[in-house]
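Chemist: Need a 3D model of the sequence below.
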Amino acid sequence: MSDVYVGVSGWSYPSWKPDFYPAGTDAREFLRYYAERFRTVELNTTGYRLPADEQFRRWAEQTPAGFRFAPKLPGNRPRIVAEFSARVRLLGDRLGPVRVQLINARDEGMLELLLGSLDPELRLAFDLAHPTWDGIEPRLAAAGAVRVNDLEHDAPFRYLRFRDPPYTDAELGEWAERIAASDAPVYAYFRHEEEPTAPRYAQRLLELLV
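Modeler: As a prediction, the model looks like this:
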């Protein structure tokens, strides 16, 4: 399914050896190995600090055509928005959707600031955990953005995050059916754990989507 991207929240985990990364794999080769098995990954490091320009270029060079990074933007740091947009653009055609995390209660002023400040060509997925944000989906859709884990409202793409393992085959099968029925491209990510359970879940979901 060319419009479905399934991956994991990050790749740089030595504890995934030897069950995911073969024993002896150099950490510098983790991304290349990961990208041979999945077409997308969440780029969470950008939620803590912005790497240098050259780092974004190196990540892009280490991945094949068609691969997509999903960078994280902490929404409570609007001062870095301009720099963030410029840096992630260095990923070129490897740039996927941007996950904008707002952990606090509903603040439409902050939302409008972010929507007005970020590059309008970026695909924005707002991660809004607080229930006071319920009902904001039409406003996001009007801006070409989406809410994370929303499969109900009109949207130009879907962004799913699986945060509560473990998952049974039946549960993953239900998600596969919902994803396959989507009328828009889907990006889906499993939260990483110390053990390489996330890539196993991601691989199983891909198998169920075939």
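
Chemist: Now do the contacts for the nearest residue to Pro22 once chain neighbours are set aside.
Modeler: Excluding the flanking residues, the one nearest Pro22 by C-beta to C-beta, 6 or more residues apart in numbering is Tyr33, at 8.0 Å. Every C-beta, even on glycine, is put in place using the N, C-alpha and C of the backbone. Applying C-beta atoms under 8 Å, 6 or more residues apart in numbering to Tyr33 gives the contacts Tyr21, Pro22, Thr25.

Chemist: could those residues be laid out in TSV, adding secondary structure and pLDDT?
Modeler: Below are those laid out as TSV (DSSP: H, G, I helix; E, B strand; the rest coil; pLDDT from 0 to 100):
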residue	secondary structure	pLDDT
Tyr21	coil	98
Pro22	coil	97
Thr25	coil	97
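
Chemist: May I ask which of those has the most neighbours?
Modeler: In terms of neighbour count, Tyr21 stands highest of the contacts of Tyr33 at 21 neighbours, by other C-beta atoms under 10 Å.

Chemist: per-residue pLDDT, the residue nearest to Pro22?
Modeler: At Tyr33, the model reports a pLDDT of 98.

Chemist: Assign it to helix, strand or coil.
Modeler: Three-state call for Tyr33 (DSSP: H, G, I helix; E, B strand; the rest coil): helix.

Chemist: related to what we said a few turns ago, considering the contacts of Tyr33, which is situated nearest to Ile179?
Modeler: Ile179 has its nearest neighbour among the contacts of Tyr33 in Tyr21, at 26.7 Å by C-beta to C-beta.

Chemist: distance of the closest one from Pro74?
Modeler: As judged by C-beta to C-beta, to the nearest Å, Tyr21 and Pro74 stand 28 Å apart.

Chemist: element containing the residue located most distally from the centre of the chain, please.
Modeler: Centroid-distance maximum for the chain: Gly24 at 28.1 Å, with C-alpha atoms, centre = their mean. Following DSSP states H and E, there is no helix or strand that holds Gly24.

Chemist: do Thr63 as well
Modeler: Thr63 belongs to no helix or strand, assigned by DSSP H and E.
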